[in-house]
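> The sequence and its predicted three-dimensional model are supplied below.
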Amino acid sequence: MKRYIIDHFEGEKFAVCEDESLKLVDIERSKLPKSAKEGDALIYENGEYRVDKKRTDEMKREIEKLMDDVWED
């Protein structure tokens, strides 16, 4: 099992993703679930990519907490 985070999309063809070693890799957009969007966590397992909703939500909460801490008075 490999894990990625979608950093951004390059047109209609590729998703630029960060792997677990923080290296950027291009993944063909056609291989991702149609619902995948920037910031989503992905799992690659058994030849398929899927969105890891739980990890995506965890990362979103972590970022929101960091933003709240930065903007606190």
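Received the coordinates, thanks. What you are looking at is a predicted structure, and each value in this text was computed from that prediction instead of being measured. Numbers count the residues shown, from 1 in each chain.
> which residues of this structure fall in helices?
With DSSP state H applied, the chain shows helices at 53-71, listed in chain order.
> so where's the longest strand in it?
In the chain, with assignment by DSSP state E, the single longest strand is strand 2-10.
> Pull the residues that contact stretch 5-12.
15-18, 24, 26, 29, 32, 36-42, 59 (Cβ atoms under 8 Å, 6 or more residues apart in numbering). (Glycine included, C-beta is placed from N, CA and C.)
> pLDDT weak spots in this structure?
Low-confidence segments of the chain, defined by pLDDT under 70, are located at 73.
> rerun at 80
Across the chain, the ranges flagged by pLDDT under 80 are 72-73.
> and the gap between the residue most central in space within the chain and W71?
Among the residues of the chain, the one closest to the centroid is I5, at 2.4 Å (Cα atoms, centre = their mean). Distance from I5 to W71, counting by Cβ to Cβ, to the nearest Å: 24 Å.
> is the residue nearest to the centre of the chain in a bridge, and if so with what?
E18, A41 (DSSP bridges).
> Could you give me the buried positions within stretch 8-16?
Using 16 or more other Cβ atoms under 10 Å as the test for burial, stretch 8-16 gives F9, F14, A15.
> Same check on stretch 57-72?
Buried, per 16+ other Cβ under 10 Å, within stretch 57-72: nothing.
> So what touches that stretch?
So stretch 57-72 is contacted by I5, G39, A41 (Cβ under 8 Å, 6+ apart).
> mind running it again at 10 Å?
Stretch 57-72 is contacted by residues I5, G39, D40, A41, D52 when judged by Cβ atoms under 10 Å, 6 or more residues apart in numbering.
> Report the separation between the residue nearest to the centre of the chain and K23.
12 Å.
> again, but for W71
31 Å.
> what does D7 give?
11 Å.
> Compare these two and say which one has the larger neighbour count.
When neighbours are counted by other Cβ atoms under 10 Å, D7 and K23 differ, and D7 comes out ahead with 14 against 8.
> any idea how far that one lies from G47?
D7 is 23 Å from G47, by Cβ to Cβ.
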